[in-house]
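A.B. asks: based on what follows, work out the 3D shape:
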Amino acid sequence: MAAGWELRGLRGGEGAVSDCAIDWGLIADWVAALAALGTLIVAIWAARSWREQLRGGSKHTVAQEVATAGRALKYAFYGARSPLIEGWEFPESYWSKGPTARRSNTEEAAAYSHVYHRRMKELWPSIKAVADLRARAGAILGEDAARDLENLAKKARELDFFFQRDVEARRAGPEGVKQWTDQGFVERVRQSIVAHDPPDDRFSKEFDALLYALLERVKPYI
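C.D. replies: Got it, this is the predicted structure:
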C-alpha cells in the first residue's frame, strides 16, 4: 500500500510539474514582438532626428546666404555713394571742352546722370541678390526674414531716387534750387547721394538699421 501511494504521489507530482511548465515558444514570440517594436521606435526616432538635422542644416545654409548677400549689398551701397568721382566715370563728351571749361547746367546734369547710371548699374545685382532670397528665406527661416530682406532691398533702391533728384537740381542750377520751397528735402538729397566715413547721415543710418535687424534675425542659425 505504501509503495502504491508513493507511485501515485510521484505521478501526481509529475502532473503538477506539467501544469506549471513554461511555454517557451510563446515567450519567444513576445520577445520577437518587443524587439520589433523597439526597432520601430528607434527607426522613428532616427528619422525624426535626421529630419531635424536636415532642417537645421537648411536653416544654417540659408542664414549664411542671407547674411552674405546683406553684407555684399552694404559694400555695394556705400561704394555707389562714394564722394570721390573718378574722371573716367564721366562721359567722354564731358571732357571734350577741356577740364577747366565752363559747362551749362544741362551739361552738368547730363554728366552726373551718366555717373549715377553707371553706379546704379553696379549696385543693382546686389539689390537683386537680396530680393531674390525672399522666397527661400521665407520658406526656411520664416516670413520675418523675408520681410527684412524686402525692406533692405527697398532702402537700397531709394538711392536711385536721390540720384535722379540730384540730377534735377543740377539741371536747375544753384540759383534755381534756391527758389525751391522744400529746402529741407534739397538738403536730404545732398546728404543722401554721398556717404562719408563714418556714415552719419539719415539715409545711411536707415540702411544700417535694416541691415542690423536682418543679421540679428539670422544670427541664431549661423
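
A.B. asks: every contact and neighbour count from this point should use C-alpha atoms.
C.D. replies: Will do.

A.B. asks: ok, the most centrally placed residue in the chain - contacts?
C.D. replies: Note on the chain: the residue nearest the mean C-alpha position is Val66, at 2.6 Å, using CA atoms, centre = their mean. Counting by CA atoms under 8 Å, 6 or more residues apart in numbering, Val66 touches Val130, Leu133, Ala137, Val218.

A.B. asks: report the contact partners of the third one.
C.D. replies: It stands for Ala137. By CA under 8 Å, 6+ apart, the neighbours of Ala137 are Val62, Ala63, Val66, Glu143, Ala145, Ala146.

A.B. asks: 7 Å instead, please
C.D. replies: By CA atoms under 7 Å, 6 or more residues apart in numbering, Ala137 lies in contact with Val62, Ala145, Ala146.

A.B. asks: next one: the first one
C.D. replies: Contacts were defined as CA under 7 Å, 6+ apart; by that measure Val130 touches Ala69, Gly70, Leu149, Ala153.

A.B. asks: how near is it to Glu143?
C.D. replies: Distance of Val130 to Glu143, computed by CA to CA, to the nearest Å: 15 Å.

A.B. asks: please apply the same query to the last one.
C.D. replies: Relative to Glu143, Val218 is positioned 12 Å away (criterion: CA to CA).

A.B. asks: and the third one, by the same measure?
C.D. replies: Computed with CA to CA, the distance linking Ala137 and Glu143 is 8 Å.

A.B. asks: same question, the second one
C.D. replies: Noted for Leu133: a distance of 12 Å to Glu143, by CA to CA.

A.B. asks: doesn't Ala111 make contact with Tyr94?
C.D. replies: Yes. Assessed by CA atoms under 7 Å, Tyr94 is found in contact with Ala111 at 6.4 Å.

A.B. asks: neighbour count winner among the two?
C.D. replies: More neighbours surround Ala111 than the other of Tyr94 and Ala111, with 21 against 17 (other CA atoms under 10 Å).

A.B. asks: tell me which element the more buried one falls in.
C.D. replies: helix 105-132 (DSSP states H and E).

A.B. asks: what residues sit buried inside that helix?
C.D. replies: Buried residues in helix 105-132, counted by 16 or more other CA atoms under 10 Å: 105, 108-113, 115-117, 119-120, 123-124, 126-127, 129-132.

A.B. asks: quick one: the helices in this structure?
C.D. replies: Using DSSP state H, the helices of the chain run over residues 2-19, 24-80, 105-132, 134-140, 143-178, 183-192, 202-218.

A.B. asks: lowest average confidence across the ones you listed, which one?
C.D. replies: Among these, helix 2-19 carries the lowest mean pLDDT, a mean of 47.

A.B. asks: tell me how far the helix holding Ala111 lies from the chain's centre.
C.D. replies: Helix 105-132 sits 24 Å away from the centroid of its parent chain (CA atoms, centre = their mean, to the nearest Å).

A.B. asks: most surrounded residue in the contacts of Val130?
C.D. replies: Leu149 (29 neighbours).

A.B. asks: ok, now which ones touch it?
C.D. replies: Leu149 touches Val130, Ala131, Arg134, Leu214, counting by CA under 7 Å, 6+ apart.
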